[in-house]
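S.K.: I would like to see how this sequence folds:
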Amino acid sequence: MKLQKKAVVIHSGGMDSSICLALAIRTFSVENVLSLSFIYDQRHSSELEQAKKICQSWNVDHIILSIPCLKEITTNALTDTSLPIQCGNGEAPNTLVVGRNGLMAQLGAIHAHELGAHCIYMGIIGVEGNHSGYRDCSRAYMDLKQTLLRLDLDDHLFTIETPLVDMSKKKTLELAQEMGVLEFLLNETITCYEGLEKLGCQKCPACILRNEGIRQFSAENPSFKLPYPVT
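M.R.: As a prediction, this is how the structure comes out:
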């Protein structure tokens, strides 16, 4: 019998995509959701291990697709470990993988269509586009992609869901708390570009945004006990 789903979540194993996974489960129920991760020779594989663990904990079907060609056609610090991570000077950090989100959306949509689903979820937030120079982390970008995918799939109902796109990091944590998954995700997700858990390296753009969001959330929610200190 052919597998059927109602939503596919592009799931890195980080905080934002895992919140999206929880949202999709709440909307469609767990049996109707697929977690889709990608391996593209990224700097570390620990986030994929965490995606797998999260899906096991939540009983979500999970698959990993390989797109190793990214390393062959573009240069960045996420796929070339010989490059030190650099950011600042008003330019996009060298961790930007050109076209990555668009490619993942394309592949995820193709598989969603095969499974009978009319949507994919992506955990992009505009703060990364605005503050970190990630050009593919905006709703405007995804609106353009969605229009093309509707043509590709011959499905005018197809949507790219980006429920976090207009939120600050603090707001995403508040949403996770409202769903009852915040403590779990603080412990189990990896956002750090170096693949370090919890506080991470505290230097890369992803860690800086995550930890600042945790500090803001903690200041406004003193009754919530963080599983580890963030100073």
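S.K.: can you name the next helix or strand after the worst-scoring helix or strand of the chain on mean pLDDT?
M.R.: Between all helices and strands in the chain, the lowest mean by mean pLDDT, DSSP states H and E belongs to helix 126-132, at a mean of 63. The first helix or strand that comes after helix 126-132 along the chain, using DSSP states H and E, is helix 139-153.
S.K.: average pLDDT for that next one?
M.R.: Per-residue pLDDT over helix 139-153 has a mean of 97.
S.K.: what's the following helix or strand past it packed up against?
M.R.: Under the assignment DSSP H and E, the closest C-terminal helix or strand after helix 139-153 is strand 159-161. Where contact means 3 or more CB pairs under 8 Å, 6 or more residues apart in numbering; DSSP states H and E, strand 159-161 is packed against strand 119-121, helix 139-153. For the C-beta atoms, the positions are set from N, CA and C on the backbone; glycine is no exception.
S.K.: using CSV, write out every CA atom in the last one.
M.R.: C-alpha atoms of helix 139-153 as CSV (Å, rounded to 0.1, in the frame of the first residue of the first chain):
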residue,chain,number,x,y,z
ARG,A,139,8.3,34.9,3.2
ALA,A,140,8.8,36.8,0.0
TYR,A,141,11.3,34.2,-1.2
MET,A,142,9.0,31.4,-0.3
ASP,A,143,6.0,33.0,-2.0
LEU,A,144,8.0,33.0,-5.2
LYS,A,145,9.0,29.4,-4.7
GLN,A,146,5.4,28.4,-3.8
THR,A,147,4.2,29.9,-7.1
LEU,A,148,6.7,27.8,-9.1
LEU,A,149,5.9,24.7,-7.2
ARG,A,150,2.2,25.0,-7.8
LEU,A,151,3.1,25.0,-11.5
ASP,A,152,5.5,22.1,-11.2
LEU,A,153,3.1,20.0,-9.2
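S.K.: who touches it?
M.R.: 101-102, 105-106, 109-110, 113, 122, 124, 126, 129, 135, 155-156, 158-160, 162, 165-166 (CB atoms under 8 Å, 6 or more residues apart in numbering).
S.K.: ok, for the residue most central in space within the chain, nearest residue in space, not its chain neighbours?
M.R.: With distances taken as CA atoms, centre = their mean, the residue of the chain nearest its centroid is residue 17 (3.4 Å). Using CB to CB, 6 or more residues apart in numbering and skipping residues adjacent in sequence, the residue nearest residue 17 is residue 123, 3.7 Å away.
S.K.: neighbours of residue 178, just the number please.
M.R.: 9 (other CB atoms under 10 Å).
S.K.: what score does it have for pLDDT?
M.R.: We have a pLDDT of 98 for residue 178.
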